[in-house]
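Novice: Have a look; sequence and predicted model below, questions after that.
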Amino acid sequence: MTARLRSARRIPAALAALVVLGVAGLFLYDLAAVRAHRPGMRWRRELAHQLERHTPADLWVMVAGGILAVAGAVLLVLAVTPGLRRILTMRTADAEVRAGLDRKGAAQVLRDRAMEVSGVRSVRVRVGRSRAGVRAASHFRELEEVRADLDAVLAVGIEELGLAHPMEPRVRVNRAAGNKR
């Protein structure tokens, strides 16, 4: 079973690591200065005085805490969710090789395949992770025949896409506007 592709997120991870490293280094420098019997940095003394004056029941303290909690929750959600949801995983013979196909590209391939069916005037294809929704308009053949041909062509097209998790086609065929029989 092939795992879903995930985004690397290298730049945000590097920026977050640099910010954490900078803040930790600043605190470590201030702690070393205080241990060496020097006065603490001005910003830390000011922060300590502010924390003496404001209790956790103050409105601004609660708002700041809420904002920090939401920011932390967003970062946790981003850490556990996959970032490449528009990419469909493809089958590969080699376990070290990973390949993907964009959903729009897959939809275009299936649309081109469906347009080759005799009697199809127009087609719209929407590709999800597990389904391909196909809406076709027929203008001179029987709808059941067009649907059967579309089912066959789309089954072959989906197989040729080489997806790790083949999708299920959902086909709707209607009579084209102005060609009611």
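Specialist: Thanks, I have the structure now.
Novice: so who does Val120 touch?
Specialist: Each residue near Val120 by C-beta atoms under 8 Å, 6 or more residues apart in numbering is listed here: 114, 136-138, 146, 150. Using the backbone N, CA and C atoms, a C-beta is placed for each residue, glycine as well.
Novice: Ala176 versus that one, what's the distance?
Specialist: Distance from Val120 to Ala176, counting by C-beta to C-beta, to the nearest Å: 9 Å.
Novice: Tell me where this structure is predicted with low confidence.
Specialist: 1-8, 179-181 (pLDDT under 70).
Novice: hey, where'd the helices end up in it?
Specialist: 10-35, 42-53, 59-80, 103-115, 143-161 (DSSP state H).
Novice: Just put those helices in a markdown table and tack on mean neighbour count and distance to Asp94.
Specialist: Putting these into a markdown table (neighbours: other C-beta atoms under 10 Å; distance: least, C-beta to C-beta, whole Å) gives the following:
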| stretch | mean neighbour count | distance to Asp94 |
| --- | --- | --- |
| helix 10-35 | 11 | 24 |
| helix 42-53 | 10 | 54 |
| helix 59-80 | 10 | 28 |
| helix 103-115 | 18 | 22 |
| helix 143-161 | 17 | 18 |
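Novice: Adding distance to Gly128, write the ones you listed out as CSV.
Specialist: Converted to CSV, these look like this (distance: least, C-beta to C-beta, whole Å):
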stretch, distance to Gly128
helix 10-35, 27
helix 42-53, 50
helix 59-80, 21
helix 103-115, 8
helix 143-161, 13
